[in-house]
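In: the sequence and its predicted three-dimensional model are supplied below.
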Number of protein chains: 2
Amino acid sequence: MATYKTRAQFVADDLRGRILGGEFKGGTQLRQDALANDYDVSRIPVREALLTLESEGLVEFHAHRGAFTTELSVAKIRELFDLRVLLETYVLRHAINGLTDADLKKAEDILLKYDKALNSGGDIDNWSEYNFAFHQALYAPAELPETLSLISQLNTKSDRYIRMQLVYTQEIEKAEQEHHGLLELARQGDADKACELLKTHIQEACEGIVALLEERAKQPETS
Amino acid sequence: MATYKTRAQFVADDLRGRILGGEFKGGTQLRQDALANDYDVSRIPVREALLTLESEGLVEFHAHRGAFTTELSVAKIRELFDLRVLLETYVLRHAINGLTDADLKKAEDILLKYDKALNSGGDIDNWSEYNFAFHQALYAPAELPETLSLISQLNTKSDRYIRMQLVYTQEIEKAEQEHHGLLELARQGDADKACELLKTHIQEACEGIVALLEERAKQPETS
DNA sequence: ATTTTGCACACTGTATACAAACTGCAATGA
DNA sequence: TCATTGCAGTTTGTATACAGTGTGCAAAAT
């Protein structure tokens, strides 16, 4: 199942994980030769992987100078989260009437599974996946694939910063509670309240990140 | 100025134009070798160009089987246009208060320039560019680059169908009138009315396209 | 006659090799 | 001293060559 088809895809998937995991600080150059050695492939699939990541906004190409990891300004982070509010409340509103019991059960399963993982010495590494899977489970019944794809893009771009926040603050429990609240409102079919909760859920995460970044900006380099 | 940096970028830009121009019908395979001959380059830059176009949604890769042009279902077209309404009214509302005289003048210049081109035996080929330039001129003052980027994506994906409609119906004049109306409302700073007009402007274009596609679906292949 | 197996062809995916562009430093000149 | 030019090293961008996978037809078997 997880047997990757092409080397380029494998490199792209792994490298994405490394970037999102914070292995490279913003603006560092990704040398094709070094990556090719890392993965024991030639530079061709590495280049193709970097192009893929460029289209996802994780990397920027400068002609004849190579690929550099991107770094988002506070203004751009705010913009991304505002877009998430706009698009995610939009799909949630469309999805909420068509939610079947099976859909709700699926979302709940994901939630409980992560609750359990959280209690037994939770891993933050795959929190992003759980988080995204939960949201997608709620959004899927809207049957708006293009919209979900845009939302996925926005999540990928903001993922690094969300993780950063989770490492430095202990907001996961709060987010989990909000997820439970969201599920309950969805079950009741209360679109207005659900969207309102979703909105604050996203906005508060944004503010947490911004606060962290601005605090960090004050301090000189600590490496 | 227009001296392209890399061959891959040149191929991507040109090929995008050919796809949007309707040279390939939906689902046709784009053979790397043939394209490499067309552009007198090797397959490497061709592959990279195809990857770029894949990220724009114009092409789909199937592992070991190559790249195929995409074709959108009516449902997806409707979804794309609904997203355009959502995002474009969002930015217009943000932009409309900050519009300077210079911004308005710039938008008007674009409009008048195309009016003139239209009267002297108008070219449809570059209508897409004019159209997009006009909308961007109105949206730019919002200073929401990520949002504009998403809008640009949506426009690229739907561009083929817009052109198709313009070829078969004579809606350009109507669109031009709506553009003038939009500019006037923007000048007055009436965000509500401007967004309302923008919404119907987009929605009517969508319905025109859908009608055309459904009509065409009834007829057998006429080639 | 229908299905199956195998093989040959075609095309994609990737490695290797080469050309071109950028970077930094050193030498030269004002 | 400071700016400028030229050169060498490094890295990217691309061509060529090879390996691997999918496709279709033909021959063989039931």
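Out: The structure has been received and is ready for your questions.
In: what's near enough to touch the residue of chain A found nearest DNA strand D?
Out: Ranking the residues of chain A by distance to DNA strand D (Cβ to the nearest atom of the strand) places residue A:66 first, at 3.1 Å. (C-beta placed from N, C-alpha, C; glycine too.) Contact analysis of residue A:66 by Cβ atoms under 8 Å, 6 or more residues apart in numbering or on different chains lists A:29, A:30, A:31, A:32.
In: between those, which sits nearest chain B?
Out: Relative to chain B, the closest of those is residue A:32; by Cβ to the nearest Cβ it sits at 12.8 Å.
In: just the ones of the contacts of residue A:66 in strands?
Out: Within the contacts of residue A:66, residues falling in strands by DSSP state E are A:29, A:30.
In: most neighbours out of the contacts of residue A:66, which is it?
Out: Ranked by the number of neighbours (other Cβ atoms under 10 Å in any protein chain shown), the contacts of residue A:66 place residue A:30 first, at 20 neighbours.
In: so what pairs up with that residue in the strands?
Out: residue A:67 (DSSP bridges).
In: gap between it and DNA strand C?
Out: Note on residue A:30: its distance to DNA strand C, by Cβ to the nearest atom of the strand, to the nearest Å, is 15 Å.
In: and that residue, how far from residue A:53?
Out: Using Cβ to Cβ, to the nearest Å, residue A:30 is found at 9 Å from residue A:53.
In: overlap in contacts of these two?
Out: Both residue A:30 and residue A:53 are contacted by A:15, A:59, A:67, under the criterion Cβ under 8 Å, 6+ apart.
In: the second one and residue A:46 touch, don't they?
Out: The reference is to residue A:59. No - with contacts counted by Cβ atoms under 8 Å, residue A:59 stays clear of residue A:46, the gap being 11.5 Å.
In: re earlier: pipe the shared contacts of residue A:30 and residue A:53 into TSV and attach neighbour count and pLDDT per row.
Out: Listed next are the shared contacts of residue A:30 and residue A:53 as TSV, based on neighbours: other Cβ atoms under 10 Å in any protein chain shown; pLDDT from 0 to 100:
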residue	neighbour count	pLDDT
A:15	23	98
A:59	22	98
A:67	23	97
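In: can I get those residues in TSV including distance to residue B:24?
Out: Output for these, formatted as TSV (distance: Cβ to Cβ, whole Å):
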residue	distance to residue B:24
A:15	32
A:59	29
A:67	30
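In: list the strands paired with the strand or helix carrying residue A:61, with their directions.
Out: Using DSSP states H and E, residue A:61 falls within strand A:59-62. Strand A:59-62 pairs in its sheet with strand A:66-69 (antiparallel), by DSSP bridges.
In: list the buried residues for stretch A:129-136?
Out: A:130, A:131, A:132, A:133, A:134, A:135, A:136 (16 or more other Cβ atoms under 10 Å in any protein chain shown).
In: again, but for stretch A:183-198
Out: Using 16+ other Cβ under 10 Å as the test for burial, stretch A:183-198 gives A:183, A:185, A:186, A:191, A:194, A:195, A:197, A:198.
In: does the fifth one count as helix, strand or coil?
Out: Looking back up the chat, that one is residue A:194. Look at residue A:194: counting by DSSP: H, G, I helix; E, B strand; the rest coil, its state is helix.
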